[in-house]
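1. give me the fold of what follows.
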Amino acid sequence: MIGNVLDRTGSVMRRVAALFPPLLAPLLLLTLAACSQSSDWVMFRGEDGRGATPNALRPPLAVKWKLPLEPDGARARAFNPPVVVGDTVHFGSDDGNFYAFDLNTGYMQWIFKSRAPVNSVPFADSDNLYFGSNDGHVYAVDRTTGEERWRFPTEYTVQSLILRYDDLVMFTSDRGDTHFLTLEGQEVHRIPNPVWSYHTFQVYDGVMYWAPGPRNLGASFGAFDIYDKQYLWVESTTPGYNWYSFPALRDRVLYYSAGGAGNDELRYAYYAVDRLTGQPRWIVEETSFFGDRGELVYQPRQVFRDSLNLLDYMAPSLWRNIVIYTSGDAVVRAFNTESGTSAWRHTFQYPTSNAPTVAGDRVYFGVHGDEAAGVAPRLVALSANNGRLAWQMELEGAVLSAPVVSGKYLIFGTDRNLFYVLEQVF
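-> Sure thing, here's the model as predicted:
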């Protein structure tokens, strides 16, 4: 999320600290993932937000089909993760549309038109799809036909994760409120959100991680009991860190990261905290490195600002006893979950473009290129065990947001407004 510790000219970031225009960071976000033992992917960043699936998908991969979403070829600023139910993939787009495509053929099943870009992360249940639009509404549409069931108006853009938990539908409007609705679209509760935009969160055992903090505490976030309607604990943002990522959860520990931009480098902090108390288990702080070539092509401050459109920016992947981060620079960092010591790292010539997804024992994500030098962006796979390069593939455009894994397919969008479906070829 991006919060806004607003300065007087304007604002921003989740737990936003101030260096940028009103953007508001993804608070820590929530949910992309393959569910249970099926090939469905209906939760942002998967089970407990871990950014991983046991569904092994081993390269080489080949293009099954790809679809241009914008005929004029304009660059996309974001393409947040789709959801997959059965043989259908659902996603929103900068063109204001929400789509349903047959995963095997690329055939469009239906399209729902909103009045503004759709940058939220959707959620699917057995009957409906839920998503937000920059037109200020959250929609519930029939999963099979795309027919509108209901819409809920807010006063602000909705670029958050949408989540159903029990009989509640939850989402956050940018610097507005976090809303809790019935399945029929009637509001039952809200908490103020004066700071954050691009908000992500997950709910575990009835507790929201992260919820926007109380209004009187300014730029803060915390653990909020959605039934008792009270905070278990609240954490204030750290000066210089504007973005706080979506958290992954294992047992009692939450893993997440924070980022901030200086003139010549980015600052990173990687956390493991007790989910019941908010007390740190370990913290690692580092600065960015953009690679031998990337330093010449990419400006850290601009990279950071661009990345804030991605709801899973800096979100971790958990694999065995390792937590893995791609943070928008050229280094992939893996830490031991117990101690925070380095497990491995892999450095590229150019910066990474999106959060990772682990499928089996392979870590998938994108790496930028250099258009002027004729170096194309790539999709890469590393070994989750040791960080060694296992496979790579040139793409039309840089990958935006973590790929989704469904059965033998890997699914993602690029900043060239192309929607890719790759398949395992052996």
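2. give me the pLDDT for the spatially most central residue of the chain.
-> By C-alpha atoms, centre = their mean, the chain has its centre lying nearest to residue 312, at 1.8 Å. Listed pLDDT for residue 312 reads 95.
3. measure it to residue 107 for me?
-> 28 Å (C-beta to C-beta, to the nearest Å). Where you see a C-beta, it was placed from the backbone N, CA and C, and this is true even at glycine.
4. low-confidence ranges, the protein, go.
-> For the chain, residues meeting the criterion pLDDT under 70 lie at 2-38, 71-73.
5. what about the helices in it?
-> For the chain, applying DSSP state H gives helices covering 294-297, 300-307.
6. how about stretch 349-364: buried residues?
-> By neighbour count on 16 or more other C-beta atoms under 10 Å, the buried set for stretch 349-364 is 349-359, 361-364.
7. just checking, which of those residues belong to strands?
-> Taking DSSP state E as the definition of strands, those contribute 357, 358, 359, 362, 363, 364.
8. nearest to residue 289, of these?
-> Using C-beta to C-beta, residue 363 comes nearest to residue 289 of these, at 18.7 Å.
9. might you report the residue contacts of the closest one?
-> By C-beta atoms under 8 Å, 6 or more residues apart in numbering, residue 363 lies in contact with 317, 319, 324, 332, 356, 357, 381, 382, 383, 384.
10. and with 6 Å instead?
-> Residue 363 is in contact with 324, 356, 382, 384, counting by C-beta atoms under 6 Å, 6 or more residues apart in numbering.
11. next: residue 120.
-> 131, 132, 158, 159, 160, 162.
12. ok, and the closest non-adjacent residue to it?
-> Closest residue to residue 120 apart from its sequence neighbours, by C-beta to C-beta, 6 or more residues apart in numbering: residue 132 at 3.7 Å.
13. hey, what's that neighbour bridged with?
-> With DSSP bridges as the criterion, residue 132 is bridged to residue 138.
14. I figured it hits residue 140, correct?
-> No - counting by C-beta atoms under 6 Å, residue 132 sits too far from residue 140 to count as a contact (10.8 Å).
15. who has more neighbours out of those two?
-> Just comparing residue 132 and residue 140: by other C-beta atoms under 10 Å the higher neighbour count belongs to residue 132, 28 against 24.
16. now the more buried one: how far from residue 163?
-> Taking C-beta to C-beta, one finds residue 132 at 11 Å from residue 163.
17. go on, residue 46?
-> Relative to residue 163, and taking C-beta to C-beta, residue 46 is found at 13 Å.
18. more neighbours: these two, which one.
-> residue 46 (27 against 22).
19. which residues does residue 113 form a beta bridge with?
-> Beta bridges link residue 113 to residue 97, judged by DSSP bridges.
20. what's the neighbour count on it?
-> Neighbours of residue 113 using other C-beta under 10 Å come to 11.
21. can you offset everything so residue one is 815?
-> From this message on, residue numbering opens at 815, which makes the last subject residue 927.
22. residue contacts, residue 939?
-> Residues counted as contacts of residue 939 (C-beta under 6 Å, 6+ apart) are residue 978.
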